[in-house]
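[1] got a predicted structure plus its sequence, pasted below:
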Amino acid sequence: MPELPEVETVRAGLDRHVVGRTIASVQVLHPRAVRRDPAGPAGFAAALAGRPLKRAERRGKYLWLTLDDDEALLAHLGMSGQLLIGDPERPLGPHVRARFAFTDGGADLRFTDQRTFGHLMLVPLAHGEGRVVPAPIAHIAPDPMEAAFSPADFAARLTRRRTGVKRALLDQSLVSGVGNIYADEALWRARLHWARPTETLRRGEVSRLLESVRGVLGEALRAGGTSFDALYVNVNGESGFFDRSLQAYGRAGEPCSRCGTPIRRDPFMNRSSYSCPHCQPRPRRAHL
């Protein structure tokens, strides 16, 4: 699933190519694309016709296009969702689920989703503390790249939990935008095992972890994200290349670039965790 760097890369592309334009019409080509919108495909399309796109914004793994002070078009890419811009005369591909045409007649916007796990939804905006966000994601914590993110609050809440540190990083109510790939990379940089109990973390370790999270997210963003296949691309259809910089994730059996010990793969929440047995020793007491 796309994580913060991939979603931010898409958001930046939308900011360049569609913000400031007005929607002429919307075609919903598969009802699952708007399955969470209460108006259904026809109502969704009708509600967006004639609406200008004011801003492209993001929190964690969600992005949205602000329509006015009260509403936004919320997008979640799921496992394989893509928002692609291009020639409006270009034939529709087999996995295009919705198409947005604009009044200027220029490049259109297509929501493509091979697995149809992603979705689009017209939503109200919630005017809360610090930032205006779509109401359905108001419960999601700020991500580490936001001005609203508080390192002190993150540290206090992290160490109050009685869970493994990686489980905590994946908890979007604590910190948003961090998924399996970047959690493993940040923990490798911070020299912390994924099962380390959060309540045992010292202040310096929490600071090092947050610095590592921000560092890996920033580097991945500059690389355009991580692409292992064609399912994640930016709005121009281009892949990210941070996979060339991965130090732990997906490198089971390969030597750690710090110490040479083979990277270990462990089962974790129906997925995998990758770590260096030497640099990230398993704690005697662990939350597995």
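    Thanks, I have it. Numbers count the residues shown, from 1 in each chain.

[2] secondary structure class for Pro267?
    Under DSSP: H, G, I helix; E, B strand; the rest coil, Pro267 falls in the strand class.

[3] name the nearest residue to it, sequence neighbours excluded.
    The shortest distance from Pro267 to any non-neighbouring residue, by C-beta to C-beta, 6 or more residues apart in numbering, is to Ser273 (7.8 Å). Any C-beta I mention is one placed from the backbone N, CA and C, and that applies to glycine too.

[4] can you count the residues close to the one you found?
    Using other C-beta atoms under 10 Å, Ser273 has 22 neighbouring residues.

[5] part of a strand, is it?
    Yes: counting by three-state DSSP, Ser273 is part of a strand.

[6] my guess is it contacts Glu185. True?
    No: using C-beta atoms under 8 Å, Ser273 is not in contact with Glu185, being 11.4 Å away.

[7] can you map out the strands along the protein?
    Assigned by DSSP state E, the chain shows strands spanning 23-28, 55-59, 62-66, 71-76, 81-86, 96-102, 108-113, 119-127, 132-134, 264-268, 271-275.

[8] okay, now the sheet partners of the fifth one, with direction.
    Next to strand 81-86 in the sheet, as set by DSSP bridges, lie strand 108-113 (antiparallel).

[9] give me the mean pLDDT for the partner strand.
    Mean pLDDT, computed over strand 108-113, is 95.

[10] quick check, pLDDT for the closest residue in space to His278 that isn't next to it in sequence.
    Nearest non-adjacent residue to His278, counting by C-beta to C-beta, 6+ apart: Thr261, 4.1 Å away. Here the pLDDT value assigned to Thr261 is 98.

[11] contacting residues around Thr261?
    Residues counted as contacts of Thr261 (C-beta atoms under 8 Å, 6 or more residues apart in numbering) are Pro255, Cys276, Pro277, His278, Cys279.

[12] let's see that with 7 Å instead.
    Contacts for Thr261 (C-beta atoms under 7 Å, 6 or more residues apart in numbering) come out as Pro255, Cys276, Pro277, His278.

[13] where does pLDDT dip in this structure?
    Along the chain, the model assigns pLDDT under 70 to residues 1, 129-130, 227-234, 238-239, 241, 288.

[14] need the helices for it, in chain order.
    Using DSSP state H, the helices of the chain run over 4-17, 40-48, 151-160, 165-169, 180-190, 203-222.

[15] could you single out the nearest of the contacts of Thr261 to Asp37?
    Taking C-beta to C-beta as the measure, Asp37 lies nearest Cys276 of these, at 45.1 Å.

[16] how close does that closest one get to Val206?
    20 Å (C-beta to C-beta, to the nearest Å).

[17] between those two, tell me which one has more neighbours.
    Neighbour totals were compared for Cys276 and Val206, and Cys276 leads with 24 against 20 (other C-beta under 10 Å).

[18] who's in contact with that one?
    Contacts for Cys276 were tallied using C-beta under 7 Å, 6+ apart; they are Trp188, Ala248, Cys256, Arg258, Cys259, Thr261, Ile263.
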